[in-house]
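1. need a 3D model of the sequence below.
(2 chains)
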Amino acid sequence: MTFVRDDLRPIQRRAAILLALLGAAFAVVLGRLWVLQVIQSQRWRIAAENNRLRRLPLEAPRGRVTDVRGDVILDNRPTYQLLLFPEEMSDATRTAAFLARIEIAPLEEVQARLEKARRTSHLPSVIADNLAWSQVAAIAAHRAEYRELEIHSATRRWLPAGARVAHLVGQLGEVSPDQLVGNPDLHPGQLVGRSGIERAYQDVLGGTPGNLVVVVDAFGKQVSALDEEPPVAGRPLQVTLDLALQEEAVDAMAGQVGAVLGLDPRDGAVRILLSQPSFDPDLFAGHLETAKWRELISDPLNPLHDRALQALYPPGSAIKPLFAAGALRDGIRSLTDSVFCTGAVNIYGHPYRCWQKGGHGRVALVEAIEVSCDSFFYHLAHDAGIDRLAAWARAFGLGTITGLELGGESAGLVPDDAWSRKARGQPWYGGETISVGIGQGPILVTPIQMAVAYAALVNGGQLVTPHLVEGKGQPPRPTGFPSDALATVQRGMELVVAGDRGTAHRLGSLPVRFAGKTGTAQVMRKVEGVHWQNLPWEQRHHALFIGYAPVGDPRLVVAVVVEHGGDAASVAAPIAARIFQRAFGPQAQVQSMTASAAPDWQITSAPPGPGALAAPPKTTPSPQTETEDDVPDQDPGHTHR
Amino acid sequence: MRRLDPWLLLAVAGIAVCAYLAQNSTARALATPGFANRQIIWLAAGFVLLILFALADYRVLARISPLFYVVTLVVLTTLFVVAPARAGAQRWLTLGPYTVQPSEFARVVTILAVAALAGEHQQSRLDLKTAVRLAFVTGVPALLVMLQPDLGTALTLGAILVAALWLGGLPWKTWVLLVAAGAVMVAAAWMWVLKPYQKERVLTFADPDRAVYTSGYQQRQSKIAVGSGGVTGKGLRSGTQSQLRFLPAQYTDFIFAVWAEETGFLGASLLLLAYILMVFRIFVIALSARDRVGTTFAGCFGFVLAVEILINVGMVTGVAPTTGITLPLLSYGGSSVFATCISLGIVQSIWRLRYANV
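-> From the prediction side, this is the model:
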């Protein structure tokens, strides 16, 4: 048998070709390695660093705010936040149920937050803050079950005085894109002041956020820290506010709706800035619960509204001292010019009634302020004309914002013929001038404007810029009212409290001597023969009192507005009186007052309970109300104006 | 023993060392310390298998290959009944505490069967009948594997057919016909066979921005890992891409990226050279085989091995789509290591018996 060896040469040749092809392919792959690892290595190294390094902003602790005595208004306190690592979450339903059980929030709210956290990114996000100790303990105890949850300590704004300074301090919020432009110190996502002192002094309180460079893994989980650029804490800020007086104002308001503004007439330093009702500022320090937010904004009394700076009221009789000063300066009235008040005057063929049925008899200027005689000021207004009244009001700063650092002020309205033609398309009606003469009609002011105007009355005619930080106000501007005219008006205001016939003479026996002027601003047509306390709350007139103390050397002007207070002398004036007592009264008096409830010389007119008011009551009545009828009026037996 | 090829053994030993180091690194990243140890045990056991098969006579194995082949087809068919679906595929057979991937062994058996078939047809060119038989022998297991579904392994079975036809020799007109038929098959596969995720992979390769967080993400992370390794690498167990787990499937498909990141171009090219040496020696053995069976087996195996290496490294470095083809010996997995070692043993047997006269 012959053994024929298979001819393998063709297959060997083809195998060699195959090897050559493979060799070429291997060369390509080797070349590819060379390109990636040698030529492009720098580029890929940067990509790898970007992968693993995260720059985490470190919030700078915000500055603390103290009042004029150094008492803390605003500080930080440690708090616990709940972080969620979405990638670690295996069963969102179970986690949500757990968080609802430990009362982080209602179940739907928790589910919404978890869903949002999961949708936004795979990086951890804060889903709750301000945790209670029991919640921290519960989460720590279930760590092994819920690895996606982590407790993180942080700081939170803390207001020892709470709601009493809520409007003043304002709120924080995430920086807006507009603010980011042109401000290199701000980082996206940073918390900045949105309102109040927090916004006005953001540059002082804000500090500079730092950076933490951390190594993260593919799931965004922090593995270690590499580098830290520590944040620079915000600087402390001392404001002119007096917490003791602010608290006294809150106590004295006793749940009534309105505003109290206190300032030093000598330089405009604000001592009290209060709007009531208020809200719990802690609600805005972190996660705002939707339910609570809805509750706040649907409250008919609108607690978020800062009435001290923004609400517009007719000044009522509180305008009279300003017009009296103007009349003296421009020679419309002299010290001795008098009017015989019979309880009503007839101008333009229409009867304008004085609040005092039966009249005040013969009154001159000083007395007219003391008894708040409407008849005197009807004639004065008629003789001056609307343009002069408007000029006087503007000279005292009405109709323009006062320039407080907080911003957001309303300008108010000083009406005149030009305004009427522009806004209403008709010339000014002379009868309205008579109403404006006693602070009714279209004229509208804010509480802070009245405080500034009265400051000018008692500081020698200087229009100050109210301010919260020493030295921030612009230098006072002279109003051009001669000092003898101002002194005359002051005498009238002193008699309001001290005089036998003064509208607030019931407060004349208090140990601290103060002066001022009541004002009752009409909300709706007066109902004859019905005492104000028998009217529904929302139909009562607004009660105003602007006063100053001590007499002779005024260091504090207080403007009080009680919405639907009904009666200025028994409702608004006592509030100012209590503040003056606290500021200048004997120590014993202060002690007893803080301990007790309202003194027997104070009457309050608080709104009915929640739900009783269907719609927000108008804080500003329509300017056209009641120009042809009389002015607001009280039962003669009872009080004053 | 002394008649075995030392270069091939050296290449295998070098790759085994790299495999252990790379697996050790990724085991740290994934906090699974057992993986590296298991891989080195498999490599050691695989080495024993290699020697055993080297000492066997490949001609005997080829002669009884029909038996192996039938058993393999039975096992692959049984998989559809008994195998649990893992990650959407029925690829694994559970044997006590171990899972076996039969498709890896099917490949060895298919190459052996192809070699045996080629040995029967001792002509310089294939006739049509033999070519069809070759296509049938590779096509049946390829179809079964593709249905698991395991496209990567099915493709390597296709590569066996290409290599066998090439080595067997076909007229150029037939090649033109085959390429055309292949194109039609690819189009048909695209339209009816490929799963959406498989299509996505191919599309992503064509346009990496297509899916940043799926397969495009994987490939990008892999390129970052390889590239950031630079010339000298970040050091063993210090690669940020692998240790921080940016790198996907690091102990299987993307193990080469772990090695390249941590040892740089020096280590990566050294490992690639070890693979090139291995492929080169297998082809040297194919050229020096005493018969058609030996040449066909070594040639087909060398070709499939090279294709796997090229596609895997190409995928890791971003020049080939992500197909799920692992890197022989380096990727984690006992079945793959054993199957590769058995094939290498048979190749050594071919070398040992190249002058045998019987």
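
2. any idea how far A:Gln246 lies from A:Ile603?
-> When distance is defined by Cβ to Cβ, to the nearest Å, A:Gln246 is 22 Å away from A:Ile603. (Each C-beta comes from the backbone N, C-alpha and C, glycine too.)

3. between the two, which one's more packed in?
-> A:Gln246 (23 against 17; other Cβ atoms under 10 Å in any protein chain shown).

4. phi, psi of that one?
-> phi -60, psi -40 (degrees, to the nearest 10).

5. from what I can see it touches A:Ile272, true?
-> Yes: contact criterion Cβ atoms under 8 Å: A:Gln246 and A:Ile272 qualify, at 5.3 Å.

6. now the residue of the stretch 301-450 of chain A found nearest chain B, what's its secondary structure?
-> Nearest to chain B in the stretch 301-450 of chain A, going by Cβ to the nearest Cβ, is A:Leu304, at a distance of 42.7 Å. At A:Leu304 the chain is in coil, as set by DSSP: H, G, I helix; E, B strand; the rest coil.

7. pLDDT score for it?
-> Looking at A:Leu304, its pLDDT is 90.

8. in the stretch 101-250 of chain B, which spans are strands?
-> Secondary structure of the stretch 101-250 of chain B, counting by DSSP state E, counting those that start in this stretch: no strands present.

9. residue ranges with poor pLDDT in it?
-> B:204-215 (pLDDT under 70).

10. which positions in it make contact with chain A?
-> B:122, B:124-125, B:163, B:166-169, B:221, B:223-231, B:240-241, B:244-246 (Cβ under 8 Å from any Cβ of the partner chain).

11. show me how to select, in ChimeraX, the buried members of the residues you listed.
-> The buried subset of these, as determined by 16 or more other Cβ atoms under 10 Å in any protein chain shown, is captured in ChimeraX by this line:
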select /B:163,166,167,168,169,221,223,224,225,226,227,228,229,230,240,241,244,245,246
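
12. could you look up the SS state of the residue lying closest to A:Leu380 once chain neighbours are set aside?
-> Nearest residue to A:Leu380 in three dimensions, chain neighbours excluded: A:Ala327, at 5.4 Å (Cβ to Cβ, 6 or more residues apart in numbering or on different chains). The three-state assignment at A:Ala327 reads helix, by three-state DSSP.

13. tell me the contacts of A:Ala327?
-> If you count contacts by Cβ atoms under 8 Å, 6 or more residues apart in numbering or on different chains, A:Ala327 has them with A:Arg333, A:Leu365, A:Leu380, A:Ala384.

14. do you know the pLDDT at it?
-> 94.

15. ok, and the closest non-adjacent residue to the closest residue to chain A within chain B?
-> Minimum separation of chain B from chain A (Cβ to the nearest Cβ) falls at B:Gly227, amounting to 2.6 Å. Once flanking residues are discounted, B:Gly227 sits nearest to A:Trp44: 2.6 Å by Cβ to Cβ, 6+ apart.

16. that neighbour touches A:Asn50, doesn't it?
-> No: assessed by Cβ under 8 Å, A:Trp44 is found out of contact with A:Asn50, at 10.5 Å.

17. name the nearest residue to A:Arg271, sequence neighbours excluded.
-> A:Gly262 (4.0 Å).

18. correct me, but the one you found touches A:Ala244?
-> No: using Cβ under 8 Å, A:Gly262 is not in contact with A:Ala244; the gap is 11.1 Å.

19. comparing those two, which residue is more hemmed in?
-> Per other Cβ under 10 Å, whichever of A:Gly262 and A:Ala244 has more neighbours is A:Gly262, with 29 against 19.

20. in contact with the more buried one, which residues?
-> Per Cβ under 8 Å, 6+ apart, neighbours of A:Gly262: A:242, A:245, A:249, A:270-273, A:451, A:556-559, A:579.
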